[in-house]
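**Q** Any chance you can model this:
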Amino acid sequence: MGIYSYIRGTVIDKGEDKIVLDNAGIGYEIICPYSISGSLSPVGDEAKVWIYQSVREDDITLYGFSTHEMKEMFLSLIEVSGIGPKVAHSICSQVEPDRFALAVVGGDVNYLTSVKGLGKKGAERIVLELKDKLKKAGIGGSKTSVKVQAPSSGTSVSSQDGGIISDAVEALVVLGYKEQVAAEAISNCYEDGNTLQDLIKKALKSLAR
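**A** Residues are numbered from 1 along each chain as shown. Sure thing, here's the model as predicted:
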């Protein structure tokens, strides 16, 4: 995973594919396309950039993310065979974490193939391997025992019963959250009438706080 979690510093420069952050007199050049860096503070202001440090024999590269959720999505992607940091970062720059998790849980290969640089085989591997990760953890199947309390109805809903709540829990686990943490976040955010994507978005916002 590298030695950095995030870097907080002054934005010195922003380009189409990178950002330079000054921290204690050191300028960190971070790979960060404008689709990501555009949501960060302008040049001259302080920003917090989540970081992944890729170390190879002849290269050290810092990849930047505007949110913790985006970095977690990246970390899930690089666990997929054939998906390296460069491709994973490109995917993160094009797809929001909630929509990515929704595609994985729903097996929406067609949506993932709309991502530039990701072919059908790569999209299929992402769905297959990340869903297999859920199965191995006992999530989304008969092994799951986490209970989600739906505040609006006051009834206890088991994630093993399927439906929007269990899918939302699975989606958060795809993004790197522990099952119990995901279940608690969904419980706190659940309201009758929520769509799956709305529920995922609300839970991610609550976890970001």
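
**Q** what helix or strand does the residue nearest the centre of the chain sit in?
**A** Among the residues of the chain, the one closest to the centroid is residue 73, at 2.7 Å (Cα atoms, centre = their mean). Taking DSSP states H and E as the criterion, residue 73 maps to helix 68-77.

**Q** buried stuff in that helix?
**A** Of the residues in helix 68-77, 68-74, 76-77 count as buried by neighbour count, 16 or more other Cβ atoms under 10 Å. Any C-beta I mention is one placed from the backbone N, CA and C, and that applies to glycine too.

**Q** Could you find the closest non-adjacent residue to residue 89?
**A** residue 63 (4.9 Å; Cβ to Cβ, 6 or more residues apart in numbering).

**Q** ok, back up a step: name the residues that touch the helix holding residue 73?
**A** Identification of contacts with helix 68-77 by Cβ atoms under 8 Å, 6 or more residues apart in numbering yields 1, 36, 50-52, 63, 65, 83, 85, 87-89, 91-92, 97-98, 100-101, 126, 130, 174-177, 204, 207-208.

**Q** Could you check how far whatever helix or strand residue 105 lives in is from the centre of its chain?
**A** For residue 105, the host element (DSSP H and E) is helix 97-106. Centroid separation for helix 97-106 versus its chain: 9 Å, with Cα atoms, centre = their mean, to the nearest Å.

**Q** Stretch 169-185 too?
**A** What separates the centre of stretch 169-185 from the centre of its chain is 11 Å, taken as Cα atoms, centre = their mean.

**Q** ok, and the helix or strand in this structure with the lowest average confidence?
**A** Here the helix or strand of the chain ranked lowest by mean pLDDT, DSSP states H and E is strand 155-158, holding a mean of 48.

**Q** which residue of this structure sits farthest from its center?
**A** Most distant residue from the mean C-alpha position of the chain: residue 25, 30.7 Å away (Cα atoms, centre = their mean).

**Q** Residue 7 versus that one, what's the distance?
**A** Distance, residue 25 to residue 7, using Cβ to Cβ, to the nearest Å: 13 Å.

**Q** can you check residue 53 too?
**A** As for residue 53, its distance to residue 7 is 10 Å (criterion: Cβ to Cβ).

**Q** in stretch 172-190, what's buried?
**A** Within stretch 172-190, the residues scored as buried using 16+ other Cβ under 10 Å are 172-177, 179, 182-187, 189-190.

**Q** Could you point out which of those is nearest to residue 57?
**A** Of all these, residue 176 has the smallest distance to residue 57: 27.5 Å, by Cβ to Cβ.

**Q** how about the nearest residue to the closest one, chain neighbours excluded?
**A** residue 72 (3.5 Å).

**Q** Show me what the mean pLDDT comes to for the lengthiest helix in the chain.
**A** When the chain is parsed with DSSP state H, its longest helix is helix 120-136. For helix 120-136, mean pLDDT rounds to 88.

**Q** other SSEs contacting it?
**A** Applying 3 or more Cβ pairs under 8 Å, 6 or more residues apart in numbering; DSSP states H and E, we find helix 120-136 packed against helix 97-106, helix 109-112, helix 163-174.

**Q** And that helix, what's buried?
**A** Across helix 120-136, burial judged by 16+ other Cβ under 10 Å covers 122-123, 125-127, 129-131, 133-134.
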